[in-house]
Each structure stands twice: as C-alpha cells, then as structure tokens.
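Visitor: Here's my sequence, what's the structure:
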Amino acid sequence: TAASIQIVRDKFNYPIIGMEPAVKPASLISKNKVVGILATSGTLLSAKFSALLEHHGNDIHFVTQPCFGLVELVEQGDLESSALTTLLKKYIDPLLKEGIDTLVLGCTHYSFIKPVIQKLMPDHIKIVETGDAVANYLKHVLIEKHLINQNTTRGTTDFWTNSLDQNAVNVIAKLWGGDPKSFNFKGLWI
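Guide: Below you'll find the model as predicted:
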C-alpha cells in the first residue's frame, strides 16, 4: 500500500482505502507508551510510515521490527510450524526487552499467524491488528458516500491475485477457509 496507493488513487475515480499499520489505535491504548510494530521492511522504510509515526508519536516510543520471511511463510500456507515460531521469537524478543505493552501487526499477512504470536506474548500485551481499524474506516466511507450495499442477499467472494496456480488457490482456501470451488479468482497483472 505504502508504495502504490497514490498511483491507484490518481488512476481510479472511486474511494481507495489504504492499509497502514494501526499506529493510531495502538498509541491510544498503550498504558506505558511503548508500542512494538511488526511490519515488512518496505512498510517501515516508507515515507508514509515515517509520517504516520511522526503524527501519532508525540509521547509514544515506537519500537519497529522488520520481519523478513514472514510474508513468504504465510503465502506458502505455513501458519504454525516450528520454523515460523522460531522466526517470530527472533522478532518478538527484542520488542519484549524494550518493555512494550502493545503490539501492532503491521502487515495484513500477520493476522493469519496471530495465534502463534499470542502464544509468544505475555498476557498483558495488547495486540492490535491493522485490518480492524481499516474495516471500520471503510464502513464509515461507504456510509458517508452512500455506497454501502443495502441488499441482504449473500454476495460473492472474489480474489484478485497475480498468481493463479494451484498452490495459490490452495493457500487462499486455507487462509480464508472454505471450498476454493466457491471462490471467484481474478487475474491481476500490473
């Protein structure tokens, strides 16, 4: 999102909601004002992310952790292996040593491995997922712009992907849950 959202917004004439780490909600709930952020290096190095920290970080100490390899494991469908646990421990331990009381899952992929992350965290640490804040904002925009669908019939689930091989289909089915035969897959080639 950080790398391409403005290009997409300039190209299309409808609201584009970007995914960004849930820095604002985390800064509001942190008691000791020490917030850890797990994210990709691309997100952490982006100008958009720097601006986000600057805007919400007046009295917050943000401890960022680039997480090389996590996205790839999730995209392979690896949601609970010992390799995943070892890698997560490597990324989480430094945050715990800094005394965080709140952890931001700064990549949408990380929600799929939240159960493993929770097992590695003390109970008092709050985990904030990016998707929750974005979903709430999306609902607000849809209502405000009178775009929310009032129809009560069940819609379809479309997955846009740049890879339509069987492995991608199997991983999406595992992550989303359900029978891949009921999904609509669309190609996305940029």
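Visitor: C-alpha only now, for contacts and for neighbours.
Guide: Noted.
Visitor: quick check: domain ranges of the chain?
Guide: Annotated domains of the chain cover 10-134, 157-190 [automatic domain parsing].
Visitor: distance between the ends of the first one?
Guide: In other words, domain 10-134. 20 Å (CA to CA, to the nearest Å).
Visitor: Pull the number of nearby residues for Leu38.
Guide: 23 (other CA atoms under 10 Å).
Visitor: Contact partners for the most centrally placed residue in the chain?
Guide: What sits nearest the mean C-alpha location of the chain, by CA atoms, centre = their mean, is Thr108, with 2.1 Å. Thr108 is in contact with Met19, Glu129, Thr130, Gly131, counting by CA atoms under 8 Å, 6 or more residues apart in numbering.
Visitor: Check Ser82 too.
Guide: Per CA under 8 Å, 6+ apart, neighbours of Ser82: none.
Visitor: change it to 10 Å
Guide: Residues in contact with Ser82 (CA atoms under 10 Å, 6 or more residues apart in numbering) are Leu88.
Visitor: Same check on Thr85?
Guide: Neighbours of Thr85 in contact, by CA under 10 Å, 6+ apart: Leu79, Tyr91, Ile113, Val116, Ile117, Lys119, Leu120.
Visitor: For it, give its distance to Leu96.
Guide: Applying CA to CA to Thr85 and Leu96 gives a distance of 16 Å.
Visitor: ditto for Val169
Guide: Val169 is 36 Å from Leu96, by CA to CA.
Visitor: Is Gln65 in a helix, a strand, or coil?
Guide: Under DSSP: H, G, I helix; E, B strand; the rest coil, Gln65 falls in the strand class.
Visitor: For Asp123, see how far away it is.
Guide: With CA to CA as the criterion, Gln65 and Asp123 are 20 Å apart.
Visitor: Repeat that for Asp101.
Guide: Counting by CA to CA, the gap from Asp101 to Asp123 is 10 Å.
Visitor: more neighbours, the two?
Guide: Between Asp101 and Asp123, Asp101 has the larger neighbour count (other CA under 10 Å), namely 23 against 10.
Visitor: which residues does the closest residue to the more buried one other than its chain neighbours contact?
Guide: Sequence neighbours aside, Ile125 is the residue nearest to Asp101 in space, at 4.7 Å (criterion: CA to CA, 6 or more residues apart in numbering). Counting by CA under 10 Å, 6+ apart, Ile125 touches Ser30, Val35, Leu96, Gly99, Ile100, Asp101, Thr102, Leu103, Gln118.
Visitor: Tell me which of the domains of the chain lies nearest to Ser4.
Guide: With CA to CA as the criterion, Ser4 lies closest to domain 10-134 of the domains of the chain, at 9.5 Å.
Visitor: Just the mean pLDDT for stretch 139-148, thanks.
Guide: Averaging pLDDT along stretch 139-148 gives 91.
Visitor: Pull out the buried positions in it.
Guide: Val141 (16 or more other CA atoms under 10 Å).
Visitor: First-to-last residue distance for it?
Guide: End residues of stretch 139-148 are separated by 8 Å (CA to CA).
Visitor: Thank you, goodbye.
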